[in-house]
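[1] A predicted structure for the sequence below; I have some questions about it.
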Amino acid sequence: MNPGEDRFSAALALHETGALEQAAALYRAAALAGHPAAAANLAVLCLQQTRAQDAVHWAQQAIAAAPASAERRSLLATTLQASGRADAAIEAYEEALGLEPELTEAHYGLACALRALGRHDEALACYRRALAIDPDYAEAECMMADLLATLGKFDAAADACRRALDIDPTYHDARLGLAEALRKSGSAPAAEAEYRAVLKARPGATQALAGLAKLLLAQDRHDEALALLREAVSRNPDDPEAHRRYGLALAEAGDLDAAAGALDAAIALRPSPAILRERATIRPTRADDPCLAIMRSLAAGADALTDADQVQLHFALGRALADAGDPAAGFDHLRTGNALHRSLIRYDETGTLRLLDQIRQSFPAALMQARSGAGVHSAVPVFIVGMPRSGSTLVEQILASHPAVFGAGEIPAFGDAVHALGRDLPYPELAADLDLADLQRLGRDYLARIGAERRSVARITDKMLANALFVGLIHLALPQARILHVCRDPVDTCLSCFAELFTPDQPFAYDLGELGRFHRVHAQLMAHWRAVLPDEIVLTIRYEALIADFDAVVHGLLRHCGLAWDDRVRRFHDTRRAVRTASLAQVRRPIDQTARGRWRPDDATLRPLLEALAEPDRTLRTE
């Protein structure tokens, strides 16, 4: 018998009962005595204890004892991934698959590591490979669904969750994922039913309570939503995530002071960089703010943080230091955070800019004139488009303060309706292939997705900024819909983007040169839409003009949408509705000039941005 066998057997029994510390000591003794499985089991135990570096060490010891073991190389990869070393994890997973190509867990782990680096298409392919080998791999279905939802493919995500539930009807995460996908796709009643099914099986589940609260907030059921999250905090007072989600919901609902207090409670329990960044977004940071001291303390030991946490911390410090009166130091952190985040994601700039050019070419004036008036004649939709951080949230908040308007926020309804056409040709090539019946179907599908018939309002705003890519097709499918293009000083817009860690991600936003080139081509696309659409369809709203002469601009905005003046639009900051964008704090305050002509770095620092915007001779303000 192996000299460590007794220790290993005792460790295994303790491990199975959850006595992890005692099990670890016996596994270690068994490993030192030469037991062949002890190091691998100890690596797994270390992962359970979130001791990632120790897990890496013992996984390496396990491989030393069995170099040809694919399972042990896959285990090493898992420990590397847990320690934040996604590149090394990918290499180890590929080595494991080289030894055993059908190792399902390695395909699954490789998918997770690829996703961590933003290599989403490759990750999806790996999830699908794992499922091809093992069709009953419910966890792979669930994680693939989560990635699909991240990519905005909510219908596909819901289908993957349903497959996971077919495999295991009791799979909590799959039902929660289904509820999330349904909520994000606009299927509110079905989403609510799924959330409540999760809560019936697991009363007090924080994520389900938070998701249902988001759904209720979107329906202006604020009191119900906040009651759910208070319940989550009451049930889990030592759970920082419960306090965090309550705080974020309070912020969405407009109670910023209470939101900051809830996030402070979360920080007291666990001062994570992500929560600190969210706190800095909700409440301006003073020089003597304890949160700033916590950020600086974390920054002093930043090497011990994962790359993702370092990104969060640098963005938190970027905003906090600017608010506290040191914008130059804040910008240094933003440069570091943006550079690190850019190194962790994949962005095909050439392909993205080519797509925007291709969209222009696919909607020439001749096509727009030939199909004019072919779609569904509803004046209900109002599409708000523009670059991120251009003032679009403010414009929607103003409109949503009018009693005849419902502000739907950022909803993927039009893109989903295009996908639902089921055409073999991708967008934008499919534009020339659509006939009258297709355009009417597209218009009807979109109206159904936004609930146009069930809402007793004259207008519904859709602030999905990506709809800028669809403006021509929107007009063909909904010829009476109005388009509001919100724009702002290009440098102010880009610097505001550069200061934001976007959720969902905006991959063009983390490098000044890439950001400037995207802005320039985006502006060219919007100029094309104005040229090929009738004059009465697109209204350009300049942010600087809006804050300088609010009444005049808003009068024009309401006329464009066929709405009479209502004084409630002046009190937009008091309107109770859920706001989920990065501007949620700004639109809760009256108009001011603080975002105009904000502090800017010097010419040399901004050179990549200015050259990309084709404004190399711009004179920078430094006030």
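    Nice, I can see it.

[2] I'd say residue 444 and residue 376 touch.
    Yes - counting by CB atoms under 8 Å, residue 444 does reach residue 376; the two are 5.7 Å apart. C-beta here means a position set from N, CA and C on the backbone, and glycine is covered the same way.

[3] Tell me which of the two has more neighbours.
    Taking other CB atoms under 10 Å, residue 444 and residue 376 do not tie; residue 376 has more neighbours (21 against 17).

[4] quick one: secondary structure of residue 406?
    Following DSSP: H, G, I helix; E, B strand; the rest coil, we place residue 406 in the strand state.

[5] Please name the residues that touch it.
    400, 455, 457, 459, 460, 461 (CB atoms under 8 Å, 6 or more residues apart in numbering).

[6] ok, the residues you listed vs residue 222, which is closest?
    residue 400 (14.1 Å; CB to CB).

[7] Just the pLDDT for the closest one.
    At residue 400, the pLDDT value in this model is 92.

[8] isn't it right up against residue 407?
    Yes - assessed by CB under 8 Å, residue 400 is found in contact with residue 407 at 2.9 Å.

[9] Skipping adjacent residues, who's closest to residue 341 in space?
    residue 311 (4.6 Å; CB to CB, 6 or more residues apart in numbering).

[10] and the helix or strand containing the one you found, how far from the chain's centre?
    Assigned by DSSP states H and E, residue 311 belongs to helix 307-323. Here the centre of helix 307-323 is set off from its chain's centre by 17 Å, with CA atoms, centre = their mean, to the nearest Å.

[11] Give me the phi and psi angles of the residue most central in space within the chain.
    Residue closest to the mean C-alpha point of the chain, counted by CA atoms, centre = their mean, is residue 504 at 2.1 Å. Main-chain dihedrals, residue 504, degrees, to the nearest 10: phi -70, psi 170.

[12] Could you double-check that it sits in contact with residue 150?
    Yes - if you go by CB under 8 Å, residue 504 and residue 150 touch, sitting 6.3 Å apart.

[13] Tell me, how many residues neighbour residue 436?
    12.

[14] For residue 291, see how far away the closest residue to residue 316 other than its chain neighbours is.
    Closest residue in space to residue 316, ignoring its immediate chain neighbours: residue 277 at 3.8 Å, by CB to CB, 6+ apart. Distance, residue 277 to residue 291, using CB to CB, to the nearest Å: 10 Å.

[15] quick one, strands of the stretch 501-623 of the chain?
    Secondary structure of the stretch 501-623 of the chain (DSSP state E, counting those that start in this stretch): strands located at 538-542.

[16] cool, the chain as well?
    381-386, 405-407, 459-462, 482-487, 538-542 (DSSP state E).

[17] Now render those as JSON lines, adding mean pLDDT and distance to residue 413.
    Listed next are the strands of the chain as JSON lines, based on pLDDT from 0 to 100; distance: least, CB to CB, whole Å:
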{"stretch": "strand 381-386", "mean pLDDT": "98", "distance to residue 413": "9"}
{"stretch": "strand 405-407", "mean pLDDT": "93", "distance to residue 413": "13"}
{"stretch": "strand 459-462", "mean pLDDT": "96", "distance to residue 413": "7"}
{"stretch": "strand 482-487", "mean pLDDT": "98", "distance to residue 413": "15"}
{"stretch": "strand 538-542", "mean pLDDT": "97", "distance to residue 413": "20"}
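
[18] Mind putting these into CSV with distance to residue 363?
    Below are those laid out as CSV (distance: least, CB to CB, whole Å):
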stretch, distance to residue 363
strand 381-386, 15
strand 405-407, 28
strand 459-462, 19
strand 482-487, 13
strand 538-542, 13
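
[19] Distance-wise, check residue 350 relative to residue 72.
    Residue 350 is 40 Å from residue 72, by CB to CB.

[20] Quick check on those two: which one has the bigger neighbour count.
    residue 72 (25 against 8).

[21] Contact partners for that one?
    By CB under 8 Å, 6+ apart, the contact set of residue 72 is 40, 59, 62, 63, 66.

[22] Now, those residues that are in helices?
    Cross-referencing the contacts of residue 72 against helices under DSSP state H gives 40, 59, 62, 63.

[23] Could you check how far the last one is from residue 150?
    It stands for residue 63. 32 Å.

[24] Among these two, which residue is more densely surrounded?
    Between residue 63 and residue 150, residue 63 has the larger neighbour count (other CB under 10 Å), namely 20 against 14.

[25] any idea what sits nearest that one, other than its immediate chain neighbours?
    residue 72 (4.9 Å).

[26] swap in residue 158?
    Once chain neighbours are set aside, the closest to residue 158 by CB to CB, 6+ apart is residue 181, at 4.1 Å.

[27] Surely the one you found touches residue 149?
    Yes - in this structure, residue 181 is within contact of residue 149 by CB under 8 Å, at 5.2 Å.

[28] Against residue 252, how distant is residue 216?
    11 Å.

[29] again but with residue 174, I slipped
    26 Å.

[30] Compare the two (neighbour count), which wins?
    The neighbour count for residue 174 versus residue 252, taken as other CB under 10 Å, is higher for residue 174 (27 against 22).

[31] Next up, the contacts around the more buried one.
    138, 141, 142, 145, 161, 164, 165, 168.

[32] quick one: which of these has the most company?
    Busiest of the contacts of residue 174 [other CB under 10 Å] is residue 161, holding 30 neighbours.

[33] any low-confidence regions in this structure?
    1-3, 576-590, 592-598, 615-623 (pLDDT under 70).

[34] Identify the farthest-apart pair in the contacts of residue 174.
    145 and 168 (13.6 Å).

[35] what's the neighbour count on residue 201?
    Residue 201: 12 neighbours (other CB under 10 Å).

[36] And the residue nearest to it when sequence neighbours are not counted, how far from residue 477?
    Leaving out its chain neighbours, the residue that sits closest to residue 201 by CB to CB, 6+ apart is residue 172, at 6.8 Å. Residue 172 sits 39 Å away from residue 477, going by CB to CB.

[37] Repeat that for residue 85.
    47 Å.

[38] Those two - which one has more neighbours?
    Using other CB under 10 Å as the criterion, residue 85 and residue 477 rank with residue 477 on top: 29 against 20.

[39] The more buried one against residue 437, yeah?
    No - here residue 477 lies out of contact with residue 437, judged by CB under 8 Å, at a distance of 11.5 Å.
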